[in-house]
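> starting from these lines, generate the structure:
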Amino acid sequence: MALVRAVPSRPFSFSSLEPLLAAIQGHPGIRGVPVGGDNFTVSAYTDDILLTLTDPIPSLTHLRPLLSDFGKIVGFRINYTKSCAMPLHMVHTDTASIESELGFRLAPSELPYLGILLTADPKALYSKNFTTMVHQIKCDLEHWCDKPISWIGRIHSIKMNILPRILFLFQTLPLLLTQRDLAGLQQAIDSFIWQNKRHRVARRILYRPKTRGGLGLPNLYLYYCAAQLTQVVAWHSPASARRWVALEFTFMFPDRPDLYIWLPRTSRPILRTACPSILTSLRLFELARKKFALVGAPSPLTPLLRNREFPPGLRASDFGGLVGAGLLRYRDLYQNGRLITFSELQERGHLTPFFGSYRSDILLLL
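The predicted structure is shown next:
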């Protein structure tokens, strides 16, 4: 993994980086991470370019002249003092070559990118990012506690200063947090609001929106759940719109996360993924579904594929026909509130004659 930082020598639109990213992605000598027939090589935000390479020595050798040529055209140069590489499972001779011959500073354990630390050990993400941020926020709150700030002003300070900082981590890192993990920070916020004095209004009342007699004090755990559940919403968008969605779909094959979550627990196939972000989103969705009664059974979003209660969806030979006919969920079997006929389904795509008995399978579920 390598982080390349560019320094513009004259003003230019960062949209000009798109041809560079396309050139890196399409270069045969720059090898990214192959997953499910796709190649994940580069990510970028403004002038920070993050590369994930499986053959780093040849890939970086091809990358340097490409960056140099592009820089001459659009007017920027690579800042090698800020660019670094984090070698994973590499021998010492190769890591030495990256630093001595290719000019990239080595970051063996952690790599800074867009305000977070990417760690070589995924288990260290929590301590390097969340623990550090909580400590810094607590120090800031202690420093501000004696400042002449009104009670309402203190609540606004939490909303405008503290919440964006912690929400950024909630949205960028797949950390599985509990209410206990956030309890210490929530208590520090209470101490700041009440200036280490006795609480005069219950926290649950302050959490309420102003329309319900509260002041909208951020409930950190609910913000965390909401931030993580946005990933579930993104699963239901086209995979081409977000590349990480396509990546997580591949990690969960032969299942799909956007279908798996709507299956009754007793009908779910064995989960075949160890991806932390997927597991975190699945667990939080289950907690939210129980707490807020999000869905009933069966739901219009209940999938037909990989559903033990719908035998045609378990046969691999029928998968193509179901997908081709646009039959992914229960709702796809209805039109204007009416269960559609097999002849109407045949107009959508080719289905095996045996699938004509689907009505009895569906009626058993309702």
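
> contacting residues around Asp255?
By Cβ atoms under 8 Å, 6 or more residues apart in numbering, the contact set of Asp255 is Pro269, Leu271, Arg272, Arg306. Every C-beta, even on glycine, is put in place using the N, C-alpha and C of the backbone.

> how far away is it from Leu304?
Taking Cβ to Cβ, to the nearest Å as the measure, Asp255 falls 13 Å from Leu304.

> any stretches of the stretch 151-300 of the chain with poor pLDDT?
Under the criterion pLDDT under 70, the flagged ranges of the stretch 151-300 of the chain are 239-240, 296-297.

> how about 80 then?
For the stretch 151-300 of the chain, the stretches with pLDDT under 80 are 238-241, 266-267, 293-299.

> before we move on, the earlier item: just the buried members of the contacts of Asp255?
Among the contacts of Asp255, the ones that count as buried by 16 or more other Cβ atoms under 10 Å are Arg306.

> now do Glu110 against Asp121, distance only.
9 Å.

> next one: Leu102
Distance of Leu102 to Asp121, computed by Cβ to Cβ: 24 Å.

> more crowded one of these two?
Using other Cβ atoms under 10 Å, the more surrounded residue of Leu102 and Asp121 is Leu102, with 17 against 11.

> state the phi and psi torsions of the more buried one.
The phi and psi values for Leu102, taken as degrees, to the nearest 10, are phi -100, psi -10.

> that one against Ser59, yeah?
No: when contacts are counted by Cβ atoms under 8 Å, Leu102 is not listed as touching Ser59 (10.0 Å).

> so this structure: which segments form each domain?
Taking automatic domain parsing as the domain assignment, the ranges for the chain are 2-120, 123-218, 227-292, 311-365.

> and those domains: which comes nearest Pro298?
domain 311-365 (5.4 Å; Cβ to Cβ).

> show me where the stretch 51-200 of the chain has helices.
For the stretch 51-200 of the chain, the helices defined by DSSP state H, counting those that start in this stretch cover 56-74, 92-100, 125, 132-144, 151-157, 163-172, 179-193.

> got CSV for these, with mean neighbour count and distance to Phe251 too?
Formatted as CSV, the helices of the stretch 51-200 of the chain follow (neighbours: other Cβ atoms under 10 Å; distance: least, Cβ to Cβ, whole Å):
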stretch, mean neighbour count, distance to Phe251
helix 56-74, 16, 23
helix 92-100, 13, 27
helix 125, 19, 18
helix 132-144, 15, 27
helix 151-157, 15, 40
helix 163-172, 16, 18
helix 179-193, 17, 25
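
> select, out of the ones you listed, the one closest to Gly216.
That would be helix 151-157 among the helices of the stretch 51-200 of the chain, by Cβ to Cβ, at 7.7 Å.

> distance from that closest one to the middle of the chain?
Remark: helix 151-157 is offset 31 Å from the chain centroid, using Cα atoms, centre = their mean, to the nearest Å.

> residues contacting Glu110?
Per Cβ under 8 Å, 6+ apart, neighbours of Glu110: Met86, Leu117, Leu118, Thr119, Ala120, Ala124, Lys128.

> please disregard the earlier target; I meant Ser237.
Neighbouring residues of Ser237 by Cβ under 8 Å, 6+ apart: Val245.
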